[in-house]
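Engineer: Starting from these lines, generate the structure:
(2 chains)
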2 protein chains.
Amino acid sequence: MEISIEQDIFKNEAKLAEENRQLFSQKGLMVVNLLAAPGAGKTSLIKKTAHLLKVPTAVIEGDPASSIDTDTLNALGIPAYQINTEGGCHLEAAMISKALTEFQVEPNTLLFVENVGNLICTAFFPLGEELRVVMLSIAEGDDKPYKYPDIFREADAVVINKLDLKPHVDFRSDNFYKGLKAVNPKAHIFEVSCKNGAGIENWVNWLAVKAATFWAHQ
Amino acid sequence: MEISIEQDIFKNEAKLAEENRQLFSQKGLMVVNLLAAPGAGKTSLIKKTAHLLKVPTAVIEGDPASSIDTDTLNALGIPAYQINTEGGCHLEAAMISKALTEFQVEPNTLLFVENVGNLICTAFFPLGEELRVVMLSIAEGDDKPYKYPDIFREADAVVINKLDLKPHVDFRSDNFYKGLKAVNPKAHIFEVSCKNGAGIENWVNWLAVKAATFWAHQ
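Structural biologist: Numbering: from 1, shown residues only, chains lettered A, B, ... in the order given. Predicted coordinates:
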């Protein structure tokens, strides 16, 4: 019975995600669902990306509480809208469509959804995104694909952040890559430092191509 | 209806946690529920603590997948038992009581429960623990008590790890302390580096006193 309720929930979420996908298409929004554990640097990556990307960028922020990141982004001129989940552990498709009734986003905008900091629950709730990007900080260690395989499985890209800390932490890239390949051999991998800018250009170029392709097919 | 189901679940969990508390008392186990985001250094703290603490230590490990930490601990002679949640985002009281039917732990042992790496869901499921300890790495940033207040609210202690990275990351201790005090003015705070051992002695001494007090009241 518990399993059948779960299946019903996931079936309904898939349906709502598909409706979102059509909504995003109508609005000309290319949506990136950005997933990570707390403190991996999601907002920093968005800031860097918005600065370099030559297309309008907007952000929907998901947090259990506070509007810290939304305030930071808005102050920088990056339009951002806050969803507080009141302790909830992930964003859901319906929260995004509801947000877009209030949050006015120009057509042909790249919309980042910065999901709640959580390497588990967020994996199971599709939002209708065009791209799913999982991010982690090298300070979190290289064992994450082994311990949290679900979130890596469907990722279009994996962004490994805080490369600047490499001399100071024990992060064995080969072990991380091996674990990731085992669950998702197709994910594009970017090693970056949002602090010193290393690797950001590769990521932004990849994203720009994805966005151009998306809009070409609208 | 959703709220009443949720209330029923939490009521039941509180009851099971209370049963665990009695079970732990019968077995003479002082249980520490260790909560953190992925990669904060929970296993490293347990290793350091077990090495210095002059009482028997055992560990129940919770992970969505893998037995990496359990294998590491057992190899070091620290008895450890793995719970795989198969993608589940937190441990529950019933998982611990079930584990203890298989995992043989000596009386008067300090039992760490290393919960699933998750700064949200784990907060809502009491396990019957004597102490709830929340851990974070300074690489995660100083805004965590503002964004994830629930997990800090009931903590007996907060362990701030990876102090060795202080020169390399932007962690404003005063902002963290301010946020923490606002949700939980009573939590003991320890700043440590599991890598170079800084601050570990203070934490271990505090824990030793707590354990001695616990066993004195058995």
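
Engineer: what number of residues lie near A:Leu91?
Structural biologist: 26 (other Cβ atoms under 10 Å in any protein chain shown). Just so you know, the C-beta spots here come from the backbone N, C-alpha and C atoms, and that holds for glycine as well.

Engineer: now swap in A:Pro79 and tell me
Structural biologist: Counted with other Cβ under 10 Å, A:Pro79 comes out at 19.

Engineer: pLDDT at the spatially most central residue of chain A, what is it?
Structural biologist: Computing the C-alpha centroid of chain A and ranking residues by Cα atoms, centre = their mean puts A:Leu34 first, at 0.5 Å. pLDDT for A:Leu34: 98.

Engineer: Same question for A:Glu6.
Structural biologist: pLDDT at A:Glu6 comes out at 80.

Engineer: where does it land in three-state SS?
Structural biologist: helix (DSSP: H, G, I helix; E, B strand; the rest coil).

Engineer: how many neighbours does it have?
Structural biologist: 11.

Engineer: packing partners for the host helix or strand of the residue nearest to the centre of chain A?
Structural biologist: With secondary structure defined by DSSP states H and E, A:Leu34 is part of strand A:29-36. Applying 3 or more Cβ pairs under 8 Å, 6 or more residues apart in numbering or on different chains; DSSP states H and E, we find strand A:29-36 packed against helix A:2-27, helix A:42-52, strand A:109-114, strand A:131-137, helix A:200-216.

Engineer: how about those, which one is nearest B:Ala182?
Structural biologist: B:Ala182 sits nearest to helix A:42-52 of all the helices and strands packed on strand A:29-36, at 21.3 Å, using Cβ to Cβ.

Engineer: quick one: buried residues of the closest one?
Structural biologist: By 16 or more other Cβ atoms under 10 Å in any protein chain shown, the buried positions in helix A:42-52 come out as A:42-50, A:52.

Engineer: now the helices and strands packed on strand A:29-36 in a markdown table, with distance to chain B?
Structural biologist: Output for the helices and strands packed on strand A:29-36, formatted as a markdown table (distance: least, Cβ to the nearest Cβ, whole Å):
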| stretch | distance to chain B |
| --- | --- |
| helix A:2-27 | 10 |
| helix A:42-52 | 10 |
| strand A:109-114 | 11 |
| strand A:131-137 | 6 |
| helix A:200-216 | 18 |
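
Engineer: Where among the ones you listed is average confidence lowest?
Structural biologist: helix A:2-27 (a mean of 90).

Engineer: What is it packed up against?
Structural biologist: Right, helix A:2-27 is packed against strand A:29-36, helix A:93-102 by 3+ Cβ pairs under 8 Å, 6+ apart.

Engineer: Quick one: distance of it to the chain centre.
Structural biologist: Chain-centre distance of helix A:2-27: 18 Å, with Cα atoms, centre = their mean, to the nearest Å.

Engineer: quick check: angle from that helix to helix B:2-27?
Structural biologist: Note on geometry: by axes from the mean of the first three to the mean of the last three Cα atoms, to 10 degrees, helix A:2-27 and helix B:2-27 are set 130 degrees apart in direction.

Engineer: ok, A:Gln218 touching A:Ser25?
Structural biologist: Yes: with contacts counted by Cβ atoms under 8 Å, A:Gln218 reaches A:Ser25, the gap being 6.5 Å.

Engineer: Now for A:Ile5, how many residues are close by?
Structural biologist: A:Ile5: 10 neighbours (other Cβ under 10 Å).

Engineer: mind checking how far it is from B:Glu106?
Structural biologist: Plainly put, A:Ile5 is 41 Å away from B:Glu106 if you go by Cβ to Cβ, to the nearest Å.

Engineer: returning to that earlier point: go through the buried residues of helix A:42-52 and say which is closest to A:Ala94.
Structural biologist: Nearest member of the buried residues of helix A:42-52 to A:Ala94, counting by Cβ to Cβ, is A:Lys42, at 21.6 Å.

Engineer: thought the closest one was touching A:Ala36?
Structural biologist: Yes: with contact defined as Cβ under 8 Å, A:Lys42 and A:Ala36 form a contacting pair (5.2 Å).

Engineer: any common contacting residues for those two?
Structural biologist: A:115, A:117, A:135 (Cβ atoms under 8 Å, 6 or more residues apart in numbering or on different chains).

Engineer: one step back: in its sheet, what does the strand holding A:Leu34 sit against?
Structural biologist: Strand A:29-36 has its sheet partners listed here by DSSP bridges as strand A:109-114 (parallel), strand A:131-137 (parallel).

Engineer: what distance separates it from the centre of its chain?
Structural biologist: For strand A:29-36, the distance to the chain centre is 4 Å (Cα atoms, centre = their mean).

Engineer: and the angle for it with helix A:42-52?
Structural biologist: 140 degrees.

Engineer: Next, the buried residues of strand A:29-36.
Structural biologist: A:29-36.

Engineer: how about TSV for the residues you listed, with distance to A:Ser97 added?
Structural biologist: TSV is the format used below for the buried residues of strand A:29-36 (distance: Cβ to Cβ, whole Å):
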residue	distance to A:Ser97
A:Leu29	11
A:Met30	16
A:Val31	11
A:Val32	17
A:Asn33	14
A:Leu34	18
A:Leu35	19
A:Ala36	23
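
Engineer: which one of those is nearest chain B?
Structural biologist: A:Ala36 (9.5 Å; Cβ to the nearest Cβ).

Engineer: residues contacting the nearest residue to that closest one once chain neighbours are set aside?
Structural biologist: Distance criterion Cβ to Cβ, 6 or more residues apart in numbering or on different chains; nearest residue to A:Ala36, sequence neighbours excluded, is A:Met135 at 4.0 Å. For A:Met135, the contacting residues are A:34-36, A:40-42, A:45, A:158-161, by Cβ under 8 Å, 6+ apart.

Engineer: Relative to A:Asn20, how far out is A:Leu73?
Structural biologist: 22 Å.

Engineer: whoops, A:Leu35 was the one
Structural biologist: For A:Leu35, the distance to A:Asn20 - Cβ to Cβ - is 16 Å.
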